[in-house]
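A.B. asks: Turn this into a model:
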Amino acid sequence: MISVGTIESNDCLISIKKHNKFELIFINEEENPYANHIKNLIKNYCKEHSISKVFIEINDKGALDFCILARLKTAIERLGK
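C.D. replies: Numbering: from 1, shown residues only. Sure thing, here's the model as predicted:
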C-alpha cells in the first residue's frame, strides 16, 4: 500500500493499493460536514482518469481540495496507474 501525506492539522493521509474494484474509505475522528464533498472529489477525479480498480483510504484532518487532489495524484503516480 502506498501512503502520501500526513495526519497533521490541515492535511490528509491518502493510502492506495490496487484492488479488484473501486473502493473508498473516509476516516475522520470528528463529524465532518464535508465528508461527502471529499468523497465525490476523489470519485470524480478517479472517474475522469479511468481509475477503477483501486482501494483508497483517506484520513482527513481538514485538508482543502487542492491538497487532497495533490496527495491523490501523487499516490496514484507512485502506485503506477
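
A.B. asks: contacting residues for the closest residue to His19 other than its chain neighbours?
C.D. replies: Taking CB to CB, 6 or more residues apart in numbering as the measure, His19 lies nearest to Phe55, with 3.9 Å between them; neighbours along the chain are not counted. Every residue, glycine included, has its C-beta placed from N, CA and C. If you count contacts by CB atoms under 8 Å, 6 or more residues apart in numbering, Phe55 has them with Ile16, Lys17, Lys18, His19, Glu23, Ile25.

A.B. asks: Just want the phi and psi numbers for the residue nearest to the fifth one when sequence neighbours are not counted.
C.D. replies: Taking CB to CB, 6+ apart as the measure, Glu23 lies nearest to Phe55, with 4.7 Å between them; neighbours along the chain are not counted. Note on Phe55: backbone dihedrals following degrees, to the nearest 10 are phi -110, psi 120.

A.B. asks: Let me see the ranges of the helices in the protein.
C.D. replies: 35-48, 65-79 (DSSP state H).

A.B. asks: Of all the ones you listed, which one is nearest Ile7?
C.D. replies: With CB to CB, the closest approach to Ile7 among the helices of the chain belongs to helix 65-79: 11.7 Å.
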